[in-house]
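Asker: Here's my sequence, what's the structure:
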Amino acid sequence: MSDITPERIEQFFTRSNGDYVFARWGRPVAPVVFGVEEETLVIVKSAIEACVAIAGHRIEEMDPELGTNLMVFFLSDWAELLDVPHMGDLIPELESRVATLQERNAHQYRAFRFDDAGAIKACFSFVRMGGAMDEVPAEVIALSQAVQAMLLWSDKEFTQDSPLAQTVEGTVVRPDVANVLRAAYDPLLPDAARDAAHALRLYARVIAG
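Answerer: Take a look at the predicted model:
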């Protein structure tokens, strides 16, 4: 049981503009990974499976509408995105986005798509390797990306700290994050919410769990 508070749960989903915005997947996750060797591919898919299991959600080979809906890209330079066919269809204003990522020396970027009810229907996750990232174990990168793709966390969240923890068994999703992820997929809760009172409903399920 976590000592998490309702206020802390609200922070998880309060964006930098002050809006409370919660969204979870409204359909099974159908992942695909680009830019890695077979060994790393297994690690990334295992991490996604682990986070889907925590949530009590479902993973499938294909999405009937989109084919694959969780795309994870590994690259060495943001400029590579400009050469990927149809990437501009996935990421609006691609050139300016790439310029911003280069300017910030960013190592990761995620873009979500939502259905009419506000639920997540697709996530495009990008990881730029190189520099300090080359020293980070693949398991850590994969699990971090997976947990951040499962919910629309605040844009302020996990910028200064990791959603993961180190235990004697290895790298795991941080207990408080895992508890919120599990509670967020309670079937009695909505797929999307814009009212901060939703955080109280999450909190009730976290402490009950």
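Asker: alpha carbons only for contacts and neighbour counts from here, please
Answerer: Noted.
Asker: Flag the shaky bits of this protein, pLDDT-wise.
Answerer: In the predicted model, the chain carries pLDDT under 70 at residues 1-2.
Asker: So for it, the centremost residue is which one?
Answerer: Nearest to the geometric centre of the chain sits A149, at 1.7 Å (CA atoms, centre = their mean).
Asker: is it true that that residue touches C123?
Answerer: Yes - between A149 and C123 there is a contact under CA atoms under 8 Å: 6.6 Å.
Asker: Give me the common contacts of these two.
Answerer: R110 (CA atoms under 8 Å, 6 or more residues apart in numbering).
Asker: In stretch 48-57, which of the residues would be classed as buried?
Answerer: For stretch 48-57, the buried set under the neighbour-count rule, 16 or more other CA atoms under 10 Å, comprises I48, E49, A50, C51, V52, I54, A55, G56, H57.
Asker: what residues does it touch?
Answerer: Here stretch 48-57 makes contact (CA under 8 Å, 6+ apart) with 28, 58-59, 142-143, 146-147, 150, 178, 181-185.
Asker: immediately after the longest helix seen in the chain, which helix or strand?
Answerer: What stands out as the longest helix in the chain, according to DSSP state H, is helix 38-55. Next along the chain after helix 38-55, taking DSSP states H and E as the criterion, comes strand 70-75.
Asker: Just the CA atoms of that following strand, as CSV, please.
Answerer: What follows is strand 70-75, C-alpha atoms only, in CSV (Å, rounded to 0.1, in the frame of the first residue of the first chain):
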residue,chain,number,x,y,z
LEU,A,70,1.8,1.8,-30.2
MET,A,71,4.8,2.6,-32.3
VAL,A,72,8.2,2.9,-30.6
PHE,A,73,11.1,4.4,-32.7
PHE,A,74,14.7,4.3,-31.7
LEU,A,75,17.0,6.7,-33.6
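Asker: switch to numbering from 22
Answerer: Got it, the first residue is 22 from now on, which makes the last one we talked about strand 91-96.
Asker: re the thing from before, with distance to E31 added, can I get the buried residues of stretch 69-78 in TSV?
Answerer: Below are the buried residues of stretch 69-78 laid out as TSV (distance: CA to CA, whole Å):
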residue	distance to E31
I69	24
E70	26
A71	24
C72	21
V73	22
I75	20
A76	18
G77	22
H78	22
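Asker: residue contacts, L102?
Answerer: Counting by CA under 8 Å, 6+ apart, L102 touches M108, V119.
Asker: and the angle for the strand or helix carrying S165 with strand 91-96?
Answerer: Assigned by DSSP H and E, S165 belongs to helix 159-170. Using axes from the mean of the first three to the mean of the last three CA atoms, to 10 degrees, the inter-axis angle of helix 159-170 relative to strand 91-96 is 140 degrees.
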